[in-house]
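Undergrad: Please work out how this folds:
(chains A, B, C and D)
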Protein chains: 2
Amino acid sequence: MSDYISSNTMKRLPFYLEYLLKIRDEGIVNVSSKAIAVALNLGEVQVRKDLASISKNGRPKIGYEINSLIGDLQKFLGYKDLTDAVIFGAGKLGTALLDYNGFEECGLNVLMAFDSNPKKAGKSDSGKPIYTLDELPMIAKSMNISIAIIAVPAQHAQEVCDIIVENGIKAILNFAPVHLDAPKDVIIKNENLAYSLALLSIELKAKK
Amino acid sequence: MSDYISSNTMKRLPFYLEYLLKIRDEGIVNVSSKAIAVALNLGEVQVRKDLASISKNGRPKIGYEINSLIGDLQKFLGYKDLTDAVIFGAGKLGTALLDYNGFEECGLNVLMAFDSNPKKAGKSDSGKPIYTLDELPMIAKSMNISIAIIAVPAQHAQEVCDIIVENGIKAILNFAPVHLDAPKDVIIKNENLAYSLALLSIELKAKK
DNA sequence: TAGATTGTTAATCGATTAACAATC
DNA sequence: TAGATTGTTAATCGATTAACAATC
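TA: This is a model prediction of the structure:
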């Protein structure tokens, strides 16, 4: 159980968790690194190293006790104490994200959306509130928003980013296909739908 | 100009392109690796290495001629000959993707969506067709679909994946939060919205 | 020419994989 | 005990960074 965990390892952890939850449903109690490796198409040493970094319940000959391992993963991934996030932009993508129900099981609480257009204000299909952008400062002050999700058109993204930063939010997931400038202490992750797809397209071409 | 390009480099190329397009609009004709590095928060040697892998128009003292560099990037990224993609699942996320207009400038042509529910069949807001899943075999035969995008609920994703594979599509972008099994010659990219966000949340916690 | 900037070779860094001792 | 499986140390691999010669 070492102290530093690489971001590559962190990216794999949710997949281990998902797989373990699946096989637990099938009544399996213990699992070996080899079985996990085969199922997820990884190296078995890699699996052991990854798991060793967050858990110490692997036992020679027996493998890992699934329940404990799931507990360790959930604990490390913080899937219990919810983190609050809000969405900027209540267009199609924004509302799709607002009503997407896969976030909560990952410890994320998507609370509300903001849109500059007052006509969008109100409630989403699932009943979550949509506010106008003007209302952000007030709301940001009264609650602890950890993460902002940008789902506005590219041409407004930087502007919205500036507003987010001004309101003290330190982590941004950006769906707009532009590079955002922000102070260094703000973490920005770009989640460009088109680029992921383009990358897949390039790989496909390279394979031929 | 070497032959092998790492996937890390490939992920950065679209950002160079985007930045170059932006500054070309501002009337800039030449740009140095240093300027690009500062703007995109990368190392300048890394920028030079990345660019050298797809272009040979950098010149000492002068830098890169923006127009040629943009051309080289677009050519390499294949942003000219469009790749055809289709979406599975015409729910919120599926229709948001169907009507998302950022794909085309990345060389991607999102043509249509499929949904198992016949009530969803018809046209999207932007006028793209939505078919029932039954119609896939016929359509897949008559045209060359390169990429499938899975935007169905998690519990149906594997089932849809199997259908996609059966119909000869070799690249899948998966938005469902489950691991998919497919033959080795099928490229699968997982684009789990919740995980990206969860990862950001973990980083944020780690920083404190 | 001198200074700036490229492209490339070598050094460093980090992540993955292989080998193997520990142990159930 | 013998076999299986873990965790860890060492070796390999690949990507980033530093150093520097080439050159405009």
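Undergrad: Identify the residues contacting the longest helix seen in chain A?
TA: Longest helix in chain A by number of residues (criterion: DSSP state H): helix A:7-25. The contact list for helix A:7-25, computed with CB atoms under 8 Å, 6 or more residues apart in numbering or on different chains, reads A:31, A:36, A:39-40, A:42, A:46-47, A:49-51, A:53-54, A:66-67, A:69-70, A:73-74, A:76-77, A:79, A:106, B:177-179, B:192, B:195, B:198-199, B:202-203. For every residue, glycine as well, the C-beta is placed using N, CA and C.
Undergrad: Also near DNA strand D: which of these, exactly?
TA: The residues of the contacts of helix A:7-25 that also fall near DNA strand D, by CB under 7 Å from any atom of the strand, are A:49, A:51.
Undergrad: Now restrict the contacts of helix A:7-25 to buried residues only.
TA: Buried by 16 or more other CB atoms under 10 Å in any protein chain shown: A:31, A:36, A:39, A:42, A:46-47, A:50-51, A:53-54, A:66, A:69-70, A:73-74, A:76-77, A:79, A:106, B:177-179, B:192, B:195, B:198-199, B:202, out of these.
Undergrad: Please flag which of these sit within strands.
TA: Counting by DSSP state E, the buried ones among the contacts of helix A:7-25 place A:Val31 in strands.
Undergrad: partners of the strand or helix carrying A:Tyr131 in the sheet?
TA: Using DSSP states H and E, the element containing A:Tyr131 is strand A:129-132. In the sheet, strand A:129-132 lines up against strand A:108-115 (parallel), strand A:122-123 (antiparallel) (DSSP bridges).
Undergrad: picking that back up, return the subset of the buried ones among the contacts of helix A:7-25 lying in helices.
TA: If you go by DSSP H, the buried ones among the contacts of helix A:7-25 have A:36, A:39, A:46-47, A:50-51, A:66, A:69-70, A:73-74, A:76-77, B:195, B:198-199, B:202 in helices.
Undergrad: who are the neighbours in contact with the spatially closest residue to A:Gly78 that is not a sequence neighbour?
TA: Once flanking residues are discounted, A:Gly78 sits nearest to A:Gly107: 5.1 Å by CB to CB, 6 or more residues apart in numbering or on different chains. A:Gly107 sits next to A:77-83, B:198, B:201 when contact means CB under 8 Å, 6+ apart.
Undergrad: In chain A, which residue sits furthest out from the middle?
TA: Distance to the chain centre peaks in chain A at A:Lys61, reaching 34.6 Å (criterion: CA atoms, centre = their mean).
Undergrad: okay, and for chain A, where does confidence drop off?
TA: Counting by pLDDT under 70, chain A contains low-confidence ranges at A:1-3, A:206-208.
Undergrad: Where do the domain boundaries of chain A fall?
TA: Using automatic domain parsing, the domain parsing of chain A gives A:7-77, A:83-196.
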